[in-house]
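Participant: Just to be clear, the model below is a prediction. Sequence and coordinates:
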Amino acid sequence: MVNDKRSGKLALVAHCILNQNSRVLGLAERSSVITEIVEFLIFNEMGIVQMPCPELTYAGLLRKAQTRDQCDTAMFRRHCKGIVKEIVDQIQEYEKCGVKVKIVIGVDGSPSCGVTETSRENSCKNTLKHERMKGSGVLIEELSIALKKRKFSVPFYGIQYERLPEDLAKIEKLVKD
């Protein structure tokens, strides 16, 4: 007899939440992981699927900070669609075996992984920080489209580093059964 200890719950998490080293040089908020998110997921017995960072896999670590407009090209979108296909294939396999994806956690302000906010060019060009605008990043947009096509209903939430306690309270409400 097999003793299966699976929790049956997963979170899809933006790469940079689990590895701040993937961010554009100068933009890391922490030296490693966003501990509060990881501890929350562990405490709630949720498996973690790290979504690949499309900016890292497309342009490397030494890339310049980009806005949504700069990332929204045919080549980058095709790159994101390839990543999304692999993610959604994994979700389908997990669901087939009774493991449900409870949430997708992105990072608001990101041109790729923003959920409710993304970025646009700042009028002051000599800064790494860009202005925020309403909308999703390219990867999140493609993931949402692909999930709907395969009839998966998963809540998305975009964290902001400066409001983590509030974000965790909202995420907790979204993942409760």
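Facilitator: Alright, I've got the coordinates. Numbers count the residues shown, from 1 in each chain.
Participant: Scan this protein for its longest strand.
Facilitator: Counting by DSSP state E, the longest strand found in the chain is strand 100-107.
Participant: export the helix or strand just after that one as CSV, just CAs?
Facilitator: Next helix or strand after strand 100-107 toward the C-terminus (DSSP states H and E): strand 117-120. Listed next in CSV are the C-alpha coordinates belonging to strand 117-120 (Å, rounded to 0.1, in the frame of the first residue of the first chain):
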residue,chain,number,x,y,z
GLU,A,117,-0.7,46.4,-13.0
THR,A,118,2.1,46.5,-15.5
SER,A,119,4.6,49.1,-16.5
ARG,A,120,5.1,51.8,-19.1
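Participant: All further residue positions should be reported with the first residue as 199.
Facilitator: Taking 199 as the first residue, the last one we looked at is strand 315-318.
Participant: Buried residues, strand 315-318. List them.
Facilitator: For strand 315-318, the neighbour count (16 or more other C-beta atoms under 10 Å) marks 315-317 as buried. In this view, the C-beta of every residue, glycine as well, is placed from N, C-alpha and C.
Participant: With residue 305 as the reference, measure out to the residue lying closest to residue 231 once chain neighbours are set aside.
Facilitator: Taking C-beta to C-beta, 6 or more residues apart in numbering as the measure, residue 231 lies nearest to residue 216, with 5.4 Å between them; neighbours along the chain are not counted. Noted for residue 216: a distance of 11 Å to residue 305, by C-beta to C-beta, to the nearest Å.
Participant: likewise residue 230?
Facilitator: Taking C-beta to C-beta, one finds residue 230 at 15 Å from residue 305.
Participant: Give me the more crowded residue out of the two.
Facilitator: residue 305 (24 against 11; other C-beta atoms under 10 Å).
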